[in-house]
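Chemist: The following comprises the amino acid sequence and a computationally predicted model.
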Amino acid sequence: KWRSEILSGVTNLPHTGALPGTLTVWGENARPILLSGNADKPVLLALGELGAGRVAVLAGIGVLPGEGDYAKFHENICRWLTKGNEDLKTSEKTLAHNTKADELKPGMLLSWSGANLAISTDAILKHVSEGGSLLHHMCPWGWLQLNPGKCLEDMPLYGVLEKVGICYNNAYGWIPARGLEIAKHHGSDLQNFSLSLKKFLESPDKFFKEYAQLPAVDIANIPEDAAKEILNKYLEDFLSAVNKYFNFKMQEELSPSPKQPVGFGTKRWVLKIIECAERLQVYKQCLPGVDIFPGNFTSTPTKVCRELKLQSSFYEVHSTGYYLPAGQTLVVHVKSDPVPKGWKVRVGSHGDNLNHIKEIRRWRQVVDINELDNNTVHVHSPFGGLVYLDSPNKPSEISVCIENVVEAPIFNLADSASVSEWP
């Protein structure tokens, strides 16, 4: 019903020159409404309920309300947010830096599109849950460009979206030159992570027959605590149903490879869930196909602990000379006091995300990058890889101790022993 309310009377959203972003949806009371024009059709607009109020999240498609179908689109969103109350629909208040909590009237429709806010997230949460509404409209990748050094979780009112179960992604959406044809880009409940798992468990056969080509659900963007809660609830039943439905040995037949590529659809969906579960250590088996790419040890060599000190004047990816085996957890102890800002730890060197590729011949994303923002940081990697430290784009230094790593093989052409011993 929500989709028909929002998209009624809207035929085509013209290409305005703006490049939108994308969303991930997982909340029980959230629904994907409109899809982007990308091949993997990520979510562009999602709606959700929070208490007695409503929230709409739009990943930046240009200026609203606009004209023509854009004006109708905006009108429909506002009508849905205010539950048809014409007085509230026409009194939309744009949140600004100096907006105060006492300016929020009961039921008021609020909109945010990029301003820094002094008002607290808790004040907006209270307003919405008591019957108000919020239109959160921003291009996420554009916001990151305008706010260097920040992440999407730092975006104003992110906490409201997280409560609803919707978040922005750092990825590009797309509106074709001919415009976004609404009839071909309706959202589906299957693009909500929680709902897709429920529907699959209700009837795997019906699920896969009716939805043979599943659009993208970028599970990796769901906040860690929310993803763990969902996976702990459903994963055991999910894996049992997957094995029964496909009738295969998962370790041997599920993994993408040059001989067995995986396209959009059922297996890709399964792979994403298992990959996410392994990263969060909910699924505790070695991922199938890691030995093919990026590679693994036939027997794990001796793991060591090493101290490193690095200095840098600008952004750079620094090799540590050590490797983390697949399925292991890297532990980084930051010895510098205080913890220097802007440093990151990176496991793996193949940074491409193949989520948008129609057929993948390896796991879609094999690099893990984490902020070194605490004295101790744990990084669990399903794929392993060379360990690097990323420095901030300014003079800085850091001292760390890394655990659970093995010495990486280093080839030195000037070293005769290295040349003779290289396999």
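Modeler: Happy to help now that I have it. The model shown is predicted, which means the values in this text are computed figures rather than measured ones. Numbering: from 1, shown residues only.

Chemist: tell me the pLDDT at residue 1?
Modeler: For residue 1, the model assigns a pLDDT of 86.

Chemist: So it versus residue 149, what's the distance?
Modeler: 42 Å (C-beta to C-beta, to the nearest Å). Placement of C-beta: from N, CA and C, glycine included.

Chemist: Using CSV, write out every CA atom in stretch 138-158.
Modeler: The C-alpha coordinates for stretch 138-158 follow below in CSV (Å, rounded to 0.1, in the frame of the first residue of the first chain):
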residue,chain,number,x,y,z
MET,A,138,20.7,13.6,1.1
CYS,A,139,23.2,12.2,-1.4
PRO,A,140,25.4,10.1,0.9
TRP,A,141,28.6,10.1,-1.2
GLY,A,142,28.2,13.8,-1.8
TRP,A,143,27.9,14.4,2.0
LEU,A,144,31.1,12.5,2.6
GLN,A,145,32.9,14.7,0.0
LEU,A,146,31.7,17.8,1.8
ASN,A,147,32.7,16.4,5.2
PRO,A,148,36.2,15.0,4.9
GLY,A,149,37.3,12.7,7.7
LYS,A,150,33.7,11.8,8.6
CYS,A,151,31.7,8.6,8.0
LEU,A,152,28.0,8.2,7.2
GLU,A,153,27.3,7.4,10.9
ASP,A,154,28.4,11.0,11.6
MET,A,155,25.6,12.3,9.4
PRO,A,156,23.0,14.4,11.3
LEU,A,157,20.0,12.3,12.5
TYR,A,158,21.7,9.0,11.6
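
Chemist: So residue 1 and residue 149 - more neighbours on which side?
Modeler: residue 149 (11 against 7; other C-beta atoms under 10 Å).

Chemist: Touching, that one and residue 343? I think so.
Modeler: No: Residue 149 lies out of contact with residue 343 (C-beta atoms under 8 Å); the separation is 12.0 Å.

Chemist: what is in contact with the two at once?
Modeler: residue 392 (C-beta atoms under 8 Å, 6 or more residues apart in numbering).

Chemist: Report the contact partners of the nearest residue to residue 24 once chain neighbours are set aside.
Modeler: Of all residues beyond its chain neighbours, the one nearest residue 24 is residue 221 (4.4 Å), with distances taken as C-beta to C-beta, 6 or more residues apart in numbering. Residue 221 is in contact with 24, 167, 169, counting by C-beta under 8 Å, 6+ apart.

Chemist: next one: residue 281
Modeler: Counted by C-beta under 8 Å, 6+ apart, residue 281 has contacts 329, 380.

Chemist: Restricting to C-alpha, output stretch 92-110 in PDB.
Modeler: Taking Å, rounded to 0.1, in the frame of the first residue of the first chain, the C-alpha atoms of stretch 92-110 are listed here in PDB:
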ATOM      1  CA  GLU A  92       6.900  21.400   6.100                       C
ATOM      2  CA  LYS A  93       9.700  22.700   8.300                       C
ATOM      3  CA  THR A  94      13.300  22.500   7.000                       C
ATOM      4  CA  LEU A  95      15.700  21.800   9.800                       C
ATOM      5  CA  ALA A  96      18.600  24.300  10.000                       C
ATOM      6  CA  HIS A  97      21.600  24.800  12.200                       C
ATOM      7  CA  ASN A  98      19.800  27.000  14.600                       C
ATOM      8  CA  THR A  99      16.500  25.000  14.900                       C
ATOM      9  CA  LYS A 100      15.600  24.500  18.500                       C
ATOM     10  CA  ALA A 101      13.500  21.800  20.100                       C
ATOM     11  CA  ASP A 102      10.800  24.200  21.300                       C
ATOM     12  CA  GLU A 103      10.100  25.100  17.600                       C
ATOM     13  CA  LEU A 104       8.800  21.500  16.900                       C
ATOM     14  CA  LYS A 105       5.100  21.500  17.100                       C
ATOM     15  CA  PRO A 106       3.100  18.200  17.600                       C
ATOM     16  CA  GLY A 107       2.800  16.300  14.300                       C
ATOM     17  CA  MET A 108       5.000  18.700  12.400                       C
ATOM     18  CA  LEU A 109       6.600  17.400   9.200                       C
ATOM     19  CA  LEU A 110      10.400  18.000   9.300                       C
END
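
Chemist: Show the pLDDT at residue 102.
Modeler: pLDDT, residue 102: 91.

Chemist: Assign a three-state SS to residue 207, would you?
Modeler: Assigned with DSSP: H, G, I helix; E, B strand; the rest coil, residue 207 falls in the helix class.

Chemist: Would you mind finding the longest strand in the chain?
Modeler: In the chain, with assignment by DSSP state E, the single longest strand is strand 396-407.

Chemist: Counting neighbours, show which residues of the helix or strand following that strand come out buried.
Modeler: Counting by DSSP states H and E, the next helix or strand C-terminal to strand 396-407 is helix 416-421. Under the neighbour-count criterion of 16 or more other C-beta atoms under 10 Å, helix 416-421 has nothing buried.
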